[in-house]
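**Student:** sequence below, structure please.
(chains A and B, ligands or ions: 2)
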Amino acid sequence: MEKVSRRQFLGMSTKVGAATLFTGVFAPSASSFFGLGGVAHAGTKKIQEFNFAVLTDAHLYNIADHKFDHILEKAVADVNGLAKKPDFVLYGGDLGQSGKKEELAKGKAILDKLTVPYKIIPGEHDYYLDMGAEWRGMFGPEHWSFDHKGVHFIGMNSILIKDFWSARKLTPTERMGLLEELECHQCGAWGVGEEQLEWLKKDVKNLSPDTPVVIMTHSPLWDYYPRWNFQTLDAPEIRAILKKFEKVIAIHGHVHQVVYNQIGNIHSAGLLSTSWPWPYPPVTLPHPEIKMNRVDPGNFEDGLGTHQVSLNKDFAGMMDYRAFADLLPENVKRGLKL
Amino acid sequence: MNISKLMLIGVAVVGVASVSVAYAKSPRSEKQIAAENKALMDAVAKGDALWHDGRLGTNGLACGNCHPDGSATNPHTWPKYQTNLGKVGTMRDMINWCVAVPLQGKPLAFDSDEMIALEAYATYTHRGITIAPGKDEQHGAVPVKSGPGYP
Ligand SMILES: [Fe+2]
Ligand SMILES: [Fe+2]
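**Tutor:** Numbering: from 1, shown residues only, chains lettered A, B, ... in the order given. Ligands and ions are numbered 1, 2, ... in the order given. Presented below is the predicted three-dimensional model:
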């Protein structure tokens, strides 16, 4: 396997198409781009300290000069300007609003301005117009894994819903329209599905329990508020597959808010969007001390932001919510331990 | 409604109206009540549709983008001093503020069917919550397991 130095790779990524190479054709062999990698390397608890950035939920509309375009641009500029340069960026889904090619292409053009490589998973807003066809054409597989500096990273499509549209003879636009509502009145709950569960089992089969694992899904891997699909149907199965690991950091989009939970070995954190914030659902938060403030609707940047996750050599994680406005109470401002 | 209940209402109303035996509001038949309730639920459903379809704005956004199930509209807290309004206003003032600012749309007439429908939807999704004018809180909507959120 040819070694490409990180420097060389970053140099490549600024050229047109290099991001496609990364996001599109990111087979396990490509992990060598990161210098370290390969399943064998991940099986030790000591890792090389590094950080990565996380962006999600841009919800771009097919409208020229839309305010959300500018916010995503601001987020990309924020990540590019980080004092501690991240090794790469993870993107958590809902890049577009209505699954249109134009929205996804606009989003990709903005994300391609990142000066580090990025990996991306789909959200429901990217998906239900054409069942992910355009998205896959632009970004490649809906699930993936790679190893970086001793950490095993996993991304999965968690928004697969049982067919409710065929029997009702809905058009693709009608189907997408229903799913654009968070509280979709007739869509039902989503998950990763059998195929991805099988894939995940195989993916982690040969990893030793002390392997540090980071998993990204669009929706939380716990039952938060199913009515808004703040859940993943087969999260219990996913948690069972990941149970053997000493520690798993799970990061999810979709909720457009600060939220934290821990179930067993899995430490979950929700993400800020770059479109609009969501109020907390009518349930008690598992960790009420970790939340964001109410948002000023007169400030379009309030409730939004980017994230930087730092991992130390013992796989202690720190999530830095980088809110664009005064959103975070002191305890969250100091960073969320993961 | 059974006869004894009807008589009870009759007695109560007569009691208030005392001397002249005129009903402030004549007792309604079950059929009438059902029709009136249906009219309310039609307004709620119309509000639900308006809440989500982006028709009120010019930038693609709808109320539902930021207020799923009507949450964070806090119908139980109005009227109150609202900072963005800069005055004591009603929920209709704030509905129009959100039409104009986040949605970049044209404010609705206060007595329009649309305005009433939006208010009906937001209020109905918070049914049962204690009214508390001026209370500075963000209250969630009535929890819903699945379905449309109203009967
Ligand atoms: Fe989203
Ligand atoms: Fe989503």
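
**Student:** look up phi and psi at the most centrally placed residue in chain B.
**Tutor:** With distances taken as CA atoms, centre = their mean, B:A120 lies nearest the centre of chain B, 2.8 Å away. Torsion angles at B:A120 (phi, psi; degrees, to the nearest 10) stand at phi -60, psi -40.

**Student:** show me what A:W190 bridges to in the sheet.
**Tutor:** With DSSP bridges as the criterion, A:W190 is bridged to A:I161.

**Student:** contacts only, for it.
**Tutor:** Taking CB atoms under 8 Å, 6 or more residues apart in numbering or on different chains, we find A:W190 in contact with A:E124, A:S158, A:I159, A:L160, A:I161, A:S219, A:N229, A:T232, A:L233. Backbone N, C-alpha and C define where each C-beta goes, glycine included.

**Student:** pLDDT wise, what is the fourth one at?
**Tutor:** In the prediction, the pLDDT value recorded for A:L160 is 98.

**Student:** so who does it touch?
**Tutor:** Applying CB under 8 Å, 6+ apart, the residues near A:L160 are A:W190, A:G191, A:V192, A:G193, A:Q196.

**Student:** out of those residues, give me the two with the largest separation.
**Tutor:** A:W190 and A:Q196 (11.8 Å; CB to CB).

**Student:** near the residue of chain B found nearest chain A, how many other residues are there?
**Tutor:** Nearest residue of chain B to chain A: B:G140, at 3.0 Å (CB to the nearest CB). As a burial measure, B:G140 scores 20 neighbours (other CB atoms under 10 Å in any protein chain shown).

**Student:** distance of it relative to A:P172?
**Tutor:** Taking CB to CB, to the nearest Å as the measure, B:G140 falls 33 Å from A:P172.

**Student:** now A:V89
**Tutor:** A:V89 is 30 Å from A:P172, by CB to CB.

**Student:** and the two? Which one has more around it.
**Tutor:** A:V89 (24 against 13).

**Student:** so where is chain B shaky, pLDDT-wise?
**Tutor:** Chain B contains residues with pLDDT under 70 at B:1-24.

**Student:** so which residues of it form strands?
**Tutor:** B:80-82, B:87-89 (DSSP state E).

**Student:** the stretch 1-150 of chain A too?
**Tutor:** Assigned by DSSP state E, counting those that start in this stretch, the strands in the stretch 1-150 of chain A fall at A:50-55, A:89-91, A:118-120, A:144-148.

**Student:** tell me which residues in stretch A:199-210 are buried?
**Tutor:** Within stretch A:199-210, the residues scored as buried using 16 or more other CB atoms under 10 Å in any protein chain shown are A:W199, A:L200, A:D203, A:V204, A:L207.

**Student:** whoops, I mixed them up, stretch B:143-151
**Tutor:** Result for stretch B:143-151 [16+ other CB under 10 Å]: buried residues B:V144, B:G149, B:Y150.

**Student:** output the buried residues of stretch A:199-210 in TSV; the columns should cover pLDDT.
**Tutor:** Shown next, in TSV, are the buried residues of stretch A:199-210 (pLDDT from 0 to 100):
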residue	pLDDT
A:W199	98
A:L200	98
A:D203	98
A:V204	98
A:L207	97
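
**Student:** tell me the one of these nearest chain B?
**Tutor:** Closest approach to chain B among the buried residues of stretch A:199-210 (CB to the nearest CB): A:L200, at 27.2 Å.

**Student:** look up the closest residue to the closest one, ignoring the ones flanking it.
**Tutor:** If the residues on either side of it in the chain are set aside, A:L200 comes closest to A:I241, at 5.4 Å by CB to CB, 6 or more residues apart in numbering or on different chains.

**Student:** equivalent analysis for A:A235, please.
**Tutor:** Looking at A:A235 with CB to CB, 6+ apart, the closest residue is A:L221, at 4.3 Å.

**Student:** tell me who's in contact with the one you found.
**Tutor:** Here A:L221 is in contact with A:S158, A:I215, A:T232, A:A235, A:I238, A:R239, A:A250, A:H252, A:I263, A:I266, A:S268 (CB under 8 Å, 6+ apart).

**Student:** now do the same contact list for B:G54.
**Tutor:** When contacts are counted by CB under 8 Å, 6+ apart, B:G54 touches B:G60, B:L61, B:A62.

**Student:** again, but for B:N59
**Tutor:** Residues counted as contacts of B:N59 (CB under 8 Å, 6+ apart) are A:Y61, A:I63, A:H66, A:K67, B:L103, B:Q104.

**Student:** turn the contacts of A:W190 into TSV, including distance to B:P27.
**Tutor:** Listed next are these as TSV, based on distance: CB to CB, whole Å:
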residue	distance to B:P27
A:E124	50
A:S158	55
A:I159	52
A:L160	54
A:I161	48
A:S219	51
A:N229	46
A:T232	52
A:L233	50
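
**Student:** tell me the two of these that are most distant?
**Tutor:** A:E124 and A:L233 (13.5 Å).

**Student:** more neighbours: these two, which one.
**Tutor:** For A:E124 versus A:L233, neighbours defined as other CB under 10 Å are more numerous around A:E124 (25 against 21).

**Student:** any idea how far the residue nearest to the more buried one when sequence neighbours are not counted lies from B:D53?
**Tutor:** Excluding the flanking residues, the one nearest A:E124 by CB to CB, 6+ apart is A:I159, at 4.4 Å. Using CB to CB, A:I159 is found at 22 Å from B:D53.

**Student:** now do the helices in chain B.
**Tutor:** Counting by DSSP state H, chain B has helices at residues B:3-17, B:30-52, B:63-66, B:91-100, B:113-124.

**Student:** could you identify which of those helices is most buried?
**Tutor:** Compared across the helices of chain B, helix B:63-66 shows the largest average neighbour count, a mean of 23 (mean count of other CB atoms under 10 Å in any protein chain shown).
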